[in-house]
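# Here's my sequence, what's the structure:
(one chain, ligands or ions: 1)
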Amino acid sequence: MPVQILAVSDVIDQRIHSSSLAERMPDVDLAVSCGDLPGRYLEFIVDAINRPLYYVLGNHAEEIQRDRDGRPRGPQGCIDLGGRVMRDVRTGLILAGLPGSPKYNDSEPEQYSELEMSYKIARMTPRLLWNQRRYGRALDVLITHSPPLGLGDREDEAHRGFRAIRTFLDRFKPAYHLHGHVHLYDRSKSPVLCYGETTIVNVYPYQALEIDVPVVERDRVAPTAPSRSALTGGSETNTTPGGSFSPLRVEGGGRYSGPLVAFESTTEIVNERGRAIVQERVTAGSARR
Ligand SMILES: [Fe+2]
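Sure thing, here's the model as predicted:
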């Protein structure tokens, strides 16, 4: 099943920051940001397309804004994917995200050593392995700010890639890896690289992509999309339970065998900082007649 993705990174592009965006891209299923973009730009996109937007912070963390009391907050209605693995409930697309760049000075907020990036990946690994078992793949799309080492990166300290991200690709083999950080001013150079089973795309300044989600997943679950109010709520916790019962196997004569039903519930929570967290709980029953 094709999923239409609008990916943005690093600079505001007037073709996207336009009142005609919804008209020109009416079929976008979700948006992603690979970092270093102002929060107001991400909020504009999520309002225009009326679909979820998943983001990771760039090294400059321009996404973080201040509320009236001076407290930091992420872009409203957008989902922080940094260090997380999430499944988009409407499309079934599985995403994982890693923020920041390699350490190169003391002034930018989102910089990590190889060890710190490896630790982030280690914390995501249980969920990736669970996805492998449940959906037959760890993830579909990896979203990062920085590229992998030696794959679309540069030699200077700030723009070299992460070895840990390259190891991630070797181990979990996402169909796509989208990143930014490296500005491609020479448009004669392709932003696309192939590495093993992964297509790596430098998103700068934006890319429109169509990605196939394996149909087997849609056969197994019938999720309910999070409500718009849950995505856009900013000051209080909203919880939107969704779910469905679907028979797994039916024998002749109306007898059920094996697990009778599969149940999946999905909860969307937005905290006081506008940070949304998707949680999933799956319970399979085994009642028999
Ligand atoms: Fe950057």
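
# what's the following helix or strand after the host helix or strand of residue 124?
Applying DSSP states H and E as the criterion places residue 124 in helix 114-135. Sequence order places strand 141-144 as the next helix or strand after helix 114-135, per DSSP H and E.

# Show me which residues of the stretch 51-200 of the chain sit near the ion.
By Cβ under 5 Å from the ion, the residues of the stretch 51-200 of the chain that approach the ion are 58-59, 181. Where you see a C-beta, it was placed from the backbone N, CA and C, and this is true even at glycine.

# Just give me the neighbour total for the closest residue to residue 64 other than its chain neighbours.
The shortest distance from residue 64 to any non-neighbouring residue, by Cβ to Cβ, 6 or more residues apart in numbering, is to residue 72 (4.9 Å). Neighbour count of residue 72, defined by other Cβ atoms under 10 Å: 11.

# The one 10 residues further on now?
Using other Cβ under 10 Å, the number of residues around residue 82 comes to 21.

# Can you check what pLDDT the model gives it?
In this model, residue 82 is scored at 97, pLDDT.

# Do I have it right that it meets residue 54?
No: using Cβ atoms under 8 Å as the test, residue 82 is too far from residue 54 to be in contact (9.7 Å).

# hey, what's in contact with both of the two?
residue 97 (Cβ atoms under 8 Å, 6 or more residues apart in numbering).

# Surely residue 113 touches residue 104?
No: in this structure, residue 113 is not within contact of residue 104 by Cβ under 8 Å, at 11.0 Å.

# Neighbour-wise, which one of the residues of the stretch 51-200 of the chain next to the ion leads?
The residue in those with the most neighbours, by other Cβ under 10 Å, is residue 181 (28 neighbours).

# so who does residue 206 touch?
Residues counted as contacts of residue 206 (Cβ under 8 Å, 6+ apart) are 6-9, 13, 15-16.

# and what of residue 10?
Contacts for residue 10 were tallied using Cβ under 8 Å, 6+ apart; they are 34-37, 58, 180-181, 183, 203-205.

# One more pass at 10 Å, please.
Counting by Cβ atoms under 10 Å, 6 or more residues apart in numbering, residue 10 touches 33-37, 58, 60, 62, 145, 180-184, 202-206.

# Now the residue nearest to residue 64: phi and psi?
Main-chain torsions, residue 72, degrees, to the nearest 10: phi -70, psi 140.

# if I look at it, how far off is residue 180?
For residue 72, the distance to residue 180 equals 21 Å [Cβ to Cβ, to the nearest Å].

# May I see the buried residues of stretch 101-109?
101-102 (16 or more other Cβ atoms under 10 Å).

# ends of that stretch, how far apart?
End-to-end distance for stretch 101-109, by Cα to Cα, to the nearest Å: 10 Å.

# for the helix holding residue 124, what is the average pLDDT?
97.

# what's the spacing between that helix and its chain's center?
Mean-position distance between helix 114-135 and its chain equals 14 Å (Cα atoms, centre = their mean, to the nearest Å).
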